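> Have a look at this fold, sequence not included:
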């Protein structure tokens, strides 16, 4: 411990380890790669620190010897589709033709973007509330569209008139929304969400609703607008965070039939299908274990306990943390005297071997923020707490 403290006290002499120039590409990958190469605690990447359900792993073992090693149906494993159909049809009349299983929610988002770009053309803008998940900002950046960041109010809503004005006057044709969101795990109140849906319909703006964290709320269950799926609203979800299987890459989308035929054709020539063996195991597990909701309930309690434990320490150190309602992360503003999240995140890792993500990765206004992943076991949370205590109290 003394050696660690000495290193931190001499931080000013070790500036050679720092780079004030942001690296190209994902800062999440940048910070996580350092952990993979040099060791440490990864509170950067959204990796769950918990094993998948034991029953799911047992199904995986059982299906490996079966004849499930060739291409599955392009639309997805029928067991998965039928379980999803049963679940969502309680809310809105749907058919198998409304669903598509993809290689994680990220493929769904990317596929929808490419599809909508074909419909809209190249001249349009994209919008989301900041700080925003990286796919929302990077897809427009790669394809030459303007990204516009909206702001949330203290109550989790937004300035309705301003958002509609922005959409209308900037030709915003794609809007990304999530509740809870990443990195800022805020749940949007139902009346605001319904107003956003109506604004998008009025202005012929396509709303892509990302529901990856919908079951990982802390106390208040979010309102998920599945009933509004239609010509101007798409729904995306994934099993990655739900079942702690981020490496399996199995997600899905729900879309109106008027869109899905074309989307599926595009999928045939891009992703083609998600992993057949993994889909089979997931399908069996979902069929027999209530969609995994009992497992998820246990995760919620663990995440909330970790959020409370770490946020209390951060607040005592002078961090500012906005209201957070769910998800994997703590979105935190640095204490006074720290104004560069990238510089701070790199120094924190180099001095303590605890990795976080600089807030600038998610928003231009996040320069003095960092994000912590709290979906980790107690041992990682305790190491993270000890590291930030030493680092920020020494400065």
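Cool, the structure landed. Keep in mind it's a predicted model, so treat the numbers as computed, not measured.

> contacts, neighbours, all on C-alpha from now
OK.

> Identify the residues contacting the helix or strand residue 392 falls within?
Per DSSP states H and E: residue 392 is located in helix 378-394. Applying CA atoms under 8 Å, 6 or more residues apart in numbering, the contact partners of helix 378-394 are 5, 8-9, 41, 43, 306, 310, 313-314, 317, 348, 351-352, 354, 374.

> where exactly do the strands run in the stretch 51-200 of the chain?
Counting by DSSP state E, counting those that start in this stretch, the segments of the stretch 51-200 of the chain that form strands are 99-102, 125-129, 146-150, 172-178.

> Dump those to CSV, plus mean neighbour count.
Output for the strands of the stretch 51-200 of the chain, formatted as CSV (neighbours: other CA atoms under 10 Å):
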stretch, mean neighbour count
strand 99-102, 27
strand 125-129, 22
strand 146-150, 18
strand 172-178, 24
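
> Correct me if wrong: residue 247 contacts residue 238.
No - under the criterion of CA atoms under 8 Å, residue 247 is not in contact with residue 238, lying 11.7 Å apart.

> Of the two, give the one with the bigger neighbour count.
Set residue 247 next to residue 238 and count neighbours by other CA atoms under 10 Å: residue 238 wins out with 25 against 10.

> starting at the chain centroid, how far to the helix or strand containing residue 36?
Secondary structure assignment for residue 36, by DSSP H and E: helix 27-38. In terms of CA atoms, centre = their mean, to the nearest Å, the gap separating the centre of helix 27-38 from the centre of its chain is 18 Å.

> Give me the helices and strands touching that helix, please.
strand 41-42, strand 354-355, strand 357-358 (3 or more CA pairs under 8 Å, 6 or more residues apart in numbering; DSSP states H and E).

> Who does the first one pair with, and is each partner parallel or antiparallel?
Listed by DSSP bridges, the sheet partners of strand 41-42 and their directions read strand 354-355 (parallel).

> Same question for the last one.
Strand 357-358 has these partner strands in its sheet, going by DSSP bridges: strand 369-373 (antiparallel).

> now the angle between helix 378-394 and the partner strand, please.
For strand 369-373 against helix 378-394, the angle by axes from the mean of the first three to the mean of the last three CA atoms, to 10 degrees is 160 degrees.

> In terms of model confidence, name the weakest of the contacts of helix 378-394.
Minimum pLDDT for the contacts of helix 378-394 is recorded at residue 9 (36).

> Skipping its backbone neighbours, what lies nearest residue 279 in space?
Distances taken as CA to CA, 6 or more residues apart in numbering place residue 77 nearest to residue 279, at 6.1 Å, with adjacent residues excluded.

> Can you report how many residues neighbour that neighbour?
Per other CA under 10 Å, the neighbour tally for residue 77 reads 23.

> same question, residue 113
If we define neighbours as other CA under 10 Å, then residue 113 has 19 of them.

> Tell me, how many residues neighbour the closest residue to it other than its chain neighbours?
Among residues not flanking residue 113 along the chain, residue 139 sits closest, at 7.6 Å (CA to CA, 6+ apart). Burial of residue 139 is recorded as 18 neighbouring residues (other CA under 10 Å).

> which SS state does the closest residue to residue 184 other than its chain neighbours fall under?
Closest residue to residue 184 apart from its sequence neighbours, by CA to CA, 6+ apart: residue 331 at 5.5 Å. Under DSSP: H, G, I helix; E, B strand; the rest coil, residue 331 falls in the strand class.

> just to revisit the earlier point, adding mean neighbour count and distance to residue 171 as columns, could you present the helices and strands packed on helix 27-38 in JSON lines?
JSON lines is the format used below for the helices and strands packed on helix 27-38 (neighbours: other CA atoms under 10 Å; distance: least, CA to CA, whole Å):
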{"stretch": "strand 41-42", "mean neighbour count": "24", "distance to residue 171": "40"}
{"stretch": "strand 354-355", "mean neighbour count": "30", "distance to residue 171": "39"}
{"stretch": "strand 357-358", "mean neighbour count": "29", "distance to residue 171": "30"}
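
> which one of those strands lies closest to residue 183?
strand 357-358 (9.9 Å; CA to CA).

> pLDDT of that closest one, averaged?
For strand 357-358, the mean pLDDT works out to 96.

> Would you mind listing where the stretch 251-395 of the chain has pLDDT under the threshold?
394-395 (pLDDT under 70).

> and the longest helix along the chain with helix 378-394, angle?
Longest helix in the chain by number of residues (criterion: DSSP state H): helix 293-316. Helix 293-316 runs at 10 degrees relative to helix 378-394, counting by the same axes, to 10 degrees.
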